[in-house]
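K.L.:
have a look at this fold, sequence not included:
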């Protein structure tokens, strides 16, 4: 086995991502209740008490709702940058000092046989960042919750074997939808979320011959649909001569564990 992962939950109601190597097992974010998180782990036959730790991307509740509960229940270390720690401390309850660890932005850390690199994103949080995972020559990139994909981010995440990439909204659906204008403006802005079309354009710039799988993530329940996201991203990729299968993620149902081979 090299790298293996599951998108446990993805969407505006809650996000959680699981990845493992031979020796390490990490959860990224715990944006659902403790009870729901336990169910998601059970669905993919993972024992949360065996986790190496929890990595946090940012303090929004759809990423940390169950964080304190899971960390306390299984006595797990939590890794986040300083500003995120300060922003989320009141929301996650008391965490003992020996469970608190710093993971800086644009930092690379090695845990056993797994290399993890963080990179900053443009989003309306204290200091949001996401992660690239490397093990045994394989690379997996987790990229959501960002208003746009900068050249710096593209350089960090390019040439990965698998992507979990934000395809949050269809711009027309969002513009015509029921959200108040200030919310629409936030989503469409540079600190908001990536649209289906922008997801396709970014992916076209970064995927390579080694890229085997793309999961479309953080779809809006109100302003997107799985079929529409797949169709929109696929049409942008096909225009660039790229043919790759696209996979759905879901707010309540985890993806099957996928082996990056």
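P.N.:
That came through, no problem. This is a predicted model, so every value here is computed, not measured.
K.L.:
residue 167 against residue 225, yeah?
P.N.:
No: using CB atoms under 8 Å, residue 167 makes no contact with residue 225, being 10.8 Å away. To be clear about C-beta, it is placed using only N, CA and C from the backbone, and glycine gets the same treatment.
K.L.:
who touches both of those two?
P.N.:
residue 219 (CB atoms under 8 Å, 6 or more residues apart in numbering).
K.L.:
give me the more crowded residue out of the two.
P.N.:
Applying other CB atoms under 10 Å to residue 167 and residue 225 shows that residue 167 carries more neighbours, namely 33 against 15.
K.L.:
tell me the contacts of the more buried one?
P.N.:
Counting by CB under 8 Å, 6+ apart, residue 167 has contacts 194-196, 199, 216-219, 224, 229, 232-233.
K.L.:
need the residues you listed in TSV (columns: distance to residue 54).
P.N.:
Converted to TSV, the contacts of residue 167 look like this (distance: CB to CB, whole Å):
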residue	distance to residue 54
194	24
195	29
196	30
199	26
216	24
217	18
218	19
219	23
224	27
229	28
232	32
233	29
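K.L.:
possible to save those residues as JSON lines with pLDDT?
P.N.:
Listed next are the contacts of residue 167 as JSON lines, based on pLDDT from 0 to 100:
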{"residue": "194", "pLDDT": "98"}
{"residue": "195", "pLDDT": "98"}
{"residue": "196", "pLDDT": "98"}
{"residue": "199", "pLDDT": "98"}
{"residue": "216", "pLDDT": "98"}
{"residue": "217", "pLDDT": "98"}
{"residue": "218", "pLDDT": "98"}
{"residue": "219", "pLDDT": "98"}
{"residue": "224", "pLDDT": "97"}
{"residue": "229", "pLDDT": "98"}
{"residue": "232", "pLDDT": "98"}
{"residue": "233", "pLDDT": "98"}
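K.L.:
now do the helices in the stretch 51-200 of the chain.
P.N.:
61-64, 67-74, 82-92, 151-157, 171-176, 181-188, 196-206 (DSSP state H, counting those that start in this stretch).
K.L.:
mean neighbour count and distance to residue 112 added to those, as TSV?
P.N.:
Listed next are the helices of the stretch 51-200 of the chain as TSV, based on neighbours: other CB atoms under 10 Å; distance: least, CB to CB, whole Å:
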stretch	mean neighbour count	distance to residue 112
helix 61-64	21	25
helix 67-74	20	18
helix 82-92	17	24
helix 151-157	16	22
helix 171-176	15	42
helix 181-188	14	38
helix 196-206	21	27
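K.L.:
between those, which gets nearest to residue 19?
P.N.:
helix 151-157 (14.7 Å; CB to CB).
K.L.:
just the residues contacting the closest one, thanks.
P.N.:
Contacts of helix 151-157 (CB under 8 Å, 6+ apart): 117, 119, 121, 132, 141, 143, 146, 163, 202, 205-206.
K.L.:
let's go with 7 Å and repeat that
P.N.:
Defining contact as CB atoms under 7 Å, 6 or more residues apart in numbering, one finds that helix 151-157 is touched by 119, 121, 132, 141, 143, 202, 205-206.
K.L.:
and those residues as CSV, adding distance to residue 66?
P.N.:
Output for the contacts of helix 151-157, formatted as CSV (distance: CB to CB, whole Å):
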residue, distance to residue 66
119, 24
121, 22
132, 24
141, 24
143, 22
202, 29
205, 34
206, 31
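K.L.:
which among these gets closest to residue 52?
P.N.:
The closest of the contacts of helix 151-157, once distances to residue 52 are taken by CB to CB, is residue 132, at 16.8 Å.
K.L.:
from residue 138, how far off is the closest one?
P.N.:
Here residue 132 is placed at a distance of 11 Å from residue 138 (CB to CB, to the nearest Å).
K.L.:
quick check: which ranges of this structure have low pLDDT?
P.N.:
For the chain, the stretches with pLDDT under 70 are 1.
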